[in-house]
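*Asks:* Based on what follows, work out the 3D shape:
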Amino acid sequence: MFFFNINKFEELRAEIEAKDKIILTAETFSLTRLDGEEVSVNLHKRDTLLLNFWATWCKPCIEEMLVDDQTSKSKYYISLESLETIKGFMRKHPNINVDTYRLDSIELPFEPKKIPFYPYHLKIYDGKIVK
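*Replies:* Numbers count the residues shown, from 1 in each chain. Reported below is the predicted structural model:
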């Protein structure tokens, strides 16, 4: 027997549609590399930025990271988890070959201030979200 919660479906659809309403609230923001180095990201440069929000418990995130060859210098895999959690995850998954970063959730460079689902991707060009 299959049960489907229509309210949950509507919530998810609303979250996906809300992605079209995201507003960037900063020109730059800082990420922390796993080695502790802080990296500043300019959201208004004339280059396409790919922000991939992920979590260590997100199976689709992990699958995506396993097949990514990290060919773009403007692609950022960003987690809101602690550096210790991310480092532990990366030690357990040495076959993942992408640069990962940590972002303090308080400093999210866009509104709304939450990640509605994982993996969550934003493509940004010259300060605007591109579909």
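
*Asks:* CA atoms for contacts and neighbours, from now on please.
*Replies:* Noted.

*Asks:* in this protein, what spans have low per-residue confidence?
*Replies:* 1-25, 69-72, 104-113, 131 (pLDDT under 70).

*Asks:* All the helices of it, residue numbers only.
*Replies:* Taking DSSP state H as the criterion, the chain carries its helices at 6-18, 59-67, 83-92.

*Asks:* Touching the second one from outside, list them.
*Replies:* Put plainly, it is helix 59-67. Where contact means C-alpha atoms under 8 Å, 6 or more residues apart in numbering, the residues beyond helix 59-67 that reach it are 54-56, 95-98, 118-119.

*Asks:* can you check stretch 117-131 too?
*Replies:* Outside stretch 117-131, the residues within contact range by C-alpha under 8 Å, 6+ apart are 22, 24, 27, 43-55, 58, 60-61.

*Asks:* Now do the buried residues in it.
*Replies:* 119-122, 124-125, 127, 129 (16 or more other C-alpha atoms under 10 Å).

*Asks:* now swap in stretch 57-72 and tell me
*Replies:* Within stretch 57-72, the residues that qualify as buried are 61-62, 65, counting by 16+ other C-alpha under 10 Å.

*Asks:* Report the contact partners of residue 75.
*Replies:* Contacts of residue 75 were listed using C-alpha under 8 Å, 6+ apart, and they are 49-52.

*Asks:* Scan those residues and report the most crowded one.
*Replies:* Top of the contacts of residue 75 by neighbour number is residue 49, holding 24 neighbours under the definition other C-alpha atoms under 10 Å.

*Asks:* bridging residues for that one?
*Replies:* Here residue 49 sits in beta bridges with residue 124, going by DSSP bridges.

*Asks:* From residue 129, how far out is residue 121?
*Replies:* Distance, residue 121 to residue 129, using C-alpha to C-alpha, to the nearest Å: 10 Å.

*Asks:* one step back: only the buried subset of the contacts of helix 59-67, as a PyMOL command please.
*Replies:* A single PyMOL command selects the buried members of these (16+ other C-alpha under 10 Å):
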select buried, resi 54+55+96+98+119
